[in-house]
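# Structure, please.
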Amino acid sequence: MADGLKPYPQYKSSGLPWLERIPAHWEVRRNGRLFSQRNETGFPELPILEVSLKTGVRIRDVANGERKQMMADRAKYKRAVRGDIAYNMMRLWQGAVGVAPVDGLVSPAYVVARPYADLDSRYYAYLFRTAVYMNEVNKYSHGIVSDRNRLYWDEFKQMPSIFPPAAEQKAVAAYLDNQGALVARFIRNRRRLIDLLNQQKQAIMHRAVTRGMNPTARMKLIRIGTVDEAPAHWELRRLKSVAEIRYGLGQPPRELPNGLPLIRATNVDHGRIVEKDLVFIDPAAVPPTRGAFLSAGEIIVVRSGAYTADSAIIPQKFEGAVAGYDMVVTVRKALPEFIALCILSSYVRVDQLLLASSRAAQPHLNAEELGTCIVLLPPLDEQREIVESVRQNLEVVEREISRAHKQVSLIREYQARLISEVVTGKIDVRDAQFDRQLSPESEVASEPDALSEEITPADELAEEVAIGDE
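The predicted structure is shown next:
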């Protein structure tokens, strides 16, 4: 994306420990010379804004956000004017900052910074989300414990920031908006490919666990959701008749830099345990009576939320891990790998489990509903044959899924490096040519996981209450 771009012709020392050089005509100013604090309340008619760690500040989608509680007295929310910078005091070090797209309301746990003249807030939103700047945030933050450090306005205004000329701030922001839209489009297309591959994977599994490997087998009429026939010699069994089901740990203890991995819903992806965002906890803090420790061959089933009824079998490398809030299936009277395929197949997950979970206001599955679902059970030798056949047929599909995930990770890493190099002046984009009609808002909004790390006002107020109780 940065082909043909070059450094600036001249540089000078920045005087900052985290940035060696800046373009010779750029300045360094404290944030107090760039922003003033806006601390206005009493505007209950304005829309609620929220922040995503990936996409910044945006209008909250109330229609799709009923699961989130909202503060009753909106008059206590802070007003942010379009173009203001808003950041979460406790989570700026993670990138919880952005530009208000419209006049709106933000949590009292936010700081709202009003930009002075000759300043483009978009440029500073990019700067504040770079790794080098977020590291500096920790040095200026303070609190009871490190993961609850807060960056108040008085400390924020003392922090030094780069100050390019106004025209270059706009040029940098426009270039990075465009590149961000291209990245979002690339990721969206890869997500679509992953969805199609998962559908193909689902079709392979579904056919195998409902019809077997013998196309000439005699069939019998049944009725399980959309499945109306199955091999005549297969049994219909409740899952609880072949397996034991237990709940995981529930609320986990505090995270550690190392320890036992905690398997949560976000680590379960269409039959795979993924290590992205894996956290670790102290095994001594896990009560043995909870039955939360995992053995290879056990199956994790997600209880609630967007991933409800997704599942994965525990591989050997995660032997001894801890189950989070979800359910654990220990197969006793069948092949665990076969039951894992059944739970993933649409006749179990969609036709039975998701249907059961939808009876509540929000998707939620319990052990009784999981245990009473019906599985088609062939003889043990046929289970082994099906598992091996599915494994072979899915190898190519799984490779393509992994390849697409890797491409998404690599493009995000590249984007982060590009942003850092452009906002700190390592690359000159003043004369960069790009499609200025490309809309970053539409491209980013279409990225399926753009909402995955949102921070709403209710969440932030809960943090405030927790701190007040300490």
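
# burial measure for the closest residue in space to Ser346 that isn't next to it in sequence, as a count.
Closest residue to Ser346 apart from its sequence neighbours, by C-beta to C-beta, 6 or more residues apart in numbering: His206 at 5.2 Å. Backbone N, C-alpha and C define where each C-beta goes, glycine included. When neighbours are counted by other C-beta atoms under 10 Å, His206 registers 21.

# hang on, His206 packs against Val348?
No. Using C-beta atoms under 8 Å, His206 makes no contact with Val348, being 9.4 Å away.

# thinking again about what came up before, spit out the contact partners of the residue nearest to Ser346.
By C-beta atoms under 8 Å, 6 or more residues apart in numbering, His206 lies in contact with 345-347.

# Tell me which helix or strand in the protein has the weakest average pLDDT.
Of all helical and strand segments in the chain, the minimum by mean pLDDT, DSSP states H and E falls on helix 457-469, at a mean of 39.

# At which residues are the strands of the stretch 301-450 of the chain located?
With DSSP state E, counting those that start in this stretch, the ranges of strands along the stretch 301-450 of the chain come out as 311-313, 322-323, 327-331, 374-377.

# domain assignment for this protein?
Dividing the chain into domains by automatic domain parsing, as the record does, gives the ranges 11-188+406-469, 213-377.

# Look up how far Glu398 lies from the residue nearest to Ser346.
For His206, the distance to Glu398 equals 16 Å [C-beta to C-beta, to the nearest Å].

# again, but for Ser241
31 Å.

# again, but for Glu45
Taking C-beta to C-beta, one finds Glu45 at 51 Å from Glu398.

# Repeat that for Ile314.
Going from Ile314 to Glu398 by C-beta to C-beta gives 17 Å.

# Look at these two and report which has more neighbours.
Counted by other C-beta under 10 Å, Ile314 and Glu398 do not tie: Ile314 has more neighbours, with 22 against 15.

# all strands of the stretch 51-200 of the chain, in order?
Secondary structure of the stretch 51-200 of the chain (DSSP E, counting those that start in this stretch): strands at 56-59, 78-80, 85-88, 97-99, 104-106, 110-115, 160-163.

# Mean pLDDT and distance to Val279 added to those, as CSV?
As requested, the strands of the stretch 51-200 of the chain are arranged in CSV below (pLDDT from 0 to 100; distance: least, C-beta to C-beta, whole Å):
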stretch, mean pLDDT, distance to Val279
strand 56-59, 88, 24
strand 78-80, 94, 31
strand 85-88, 94, 20
strand 97-99, 95, 23
strand 104-106, 93, 28
strand 110-115, 95, 26
strand 160-163, 96, 32
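
# Point out the most buried one among those strands.
Comparing the strands of the stretch 51-200 of the chain by mean neighbour count (mean count of other C-beta atoms under 10 Å), strand 85-88 ranks first with a mean of 27.

# how far out from the middle of the chain is it?
In terms of C-alpha atoms, centre = their mean, to the nearest Å, the centre of strand 85-88 is found 20 Å from the chain centre.

# Just checking: what are the partner strands of it?
Taking DSSP bridges as the criterion, strand 85-88 sits next to strand 97-99 (antiparallel), strand 110-115 (antiparallel) in its sheet.

# quick one: Ser277 and Thr266 touch, right?
Residue 277: Asp, not Ser. Yes. Using C-beta under 8 Å, Asp277 is in contact with Thr266, at 5.4 Å.

# neighbour count winner among the two?
Between Asp277 and Thr266, counting by other C-beta under 10 Å, Thr266 is the more crowded of the two (17 against 10).

# Phi, psi for the more buried one please.
In terms of degrees, to the nearest 10, the main-chain angles of Thr266 are phi -70, psi -10.

# Quick one: residues contacting it.
Contacts of Thr266 (C-beta under 8 Å, 6+ apart): 276-277, 307.

# could you dump those to JSON lines with distance to Gly180 and pLDDT?
Shown next, in JSON lines, are these (distance: C-beta to C-beta, whole Å; pLDDT from 0 to 100):
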{"residue": "Lys276", "distance to Gly180": "21", "pLDDT": "80"}
{"residue": "Asp277", "distance to Gly180": "22", "pLDDT": "81"}
{"residue": "Tyr307", "distance to Gly180": "27", "pLDDT": "88"}
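
# Just those residues: which are in helices?
Using DSSP state H, no member of the contacts of Thr266 falls in helices.

# for those, which one is nearest Leu410?
Closest to Leu410 out of the contacts of Thr266 is Lys276 (13.5 Å), distances taken as C-beta to C-beta.

# So what's the residue count around the closest one?
Neighbour count for Lys276, taken as other C-beta under 10 Å: 9.
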